[in-house]
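Trainee: Next come a sequence and a model predicted from it.
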Amino acid sequence: MPEGTQPEEAAAFVFARARTGDPAARWAVEQYAHDLAEGIAALVLTVDPDLVVVGGGVSRSGDVLLEPLRRHLDPLCLEPPDVAVSALGDQAVVTGAVRHAIDHVDAHLYDIDQPLPRPAT
């Protein structure tokens with residue numbers, strides 16, 4: 001890492017260097033993919049999804065991360081799921097939170113099975 005690199009810039013720097021073929025950066029991505037695959041495998045073995053979507057800031061580096069992630073995930077799963085990068089990128093969490101809020105409002109305002117809220121007296 002160049003001197004003065006901020007911690008929040010480290011991942012972007014490493015992924016950018018891995019794209020250019022830098023051996024140390026590619027090794028770091030390989031190690032990250034290995035660790036990430038172990039965590040994902042625990043969830044896959046529990047939930048058995050057909051698809052794992054990589055979102056958040058790391059999704060910007062899907063071009064570098066997906067291949068090693070799939071390679072490390074495959075031997076850890078009985079039936080490896082497909083792995084894809086979220087089209088929402090680092091907006092996935094915010095978009096999911098907004099969707100959850102809209103679902104909550106819809107359920108409370110438009111659910112005819114629930115009584116209407118009583119006005120405060």
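Mentor: That came in fine, so what should we check first? Numbering: from 1, shown residues only.
Trainee: hang on, Asp48 packs against Ala41?
Mentor: No. Asp48 sits out of contact with Ala41 when judged by CB atoms under 8 Å, with a separation of 11.6 Å. Just so you know, the C-beta spots here come from the backbone N, C-alpha and C atoms, and that holds for glycine as well.
Trainee: who's more crowded, those two?
Mentor: Neighbour count, other CB atoms under 10 Å: between Asp48 and Ala41, Ala41 has more, with 20 against 11.
Trainee: Tell me the gap between the helix or strand of the chain with the lowest mean pLDDT and the middle of its chain.
Mentor: The weakest-scoring helix or strand in the chain, judged by mean pLDDT, DSSP states H and E, is helix 92-110 (a mean of 82). With CA atoms, centre = their mean, to the nearest Å as the basis, helix 92-110 stands 20 Å off its chain's centre.
Trainee: In it, which residues are buried?
Mentor: Ala92 (16 or more other CB atoms under 10 Å).
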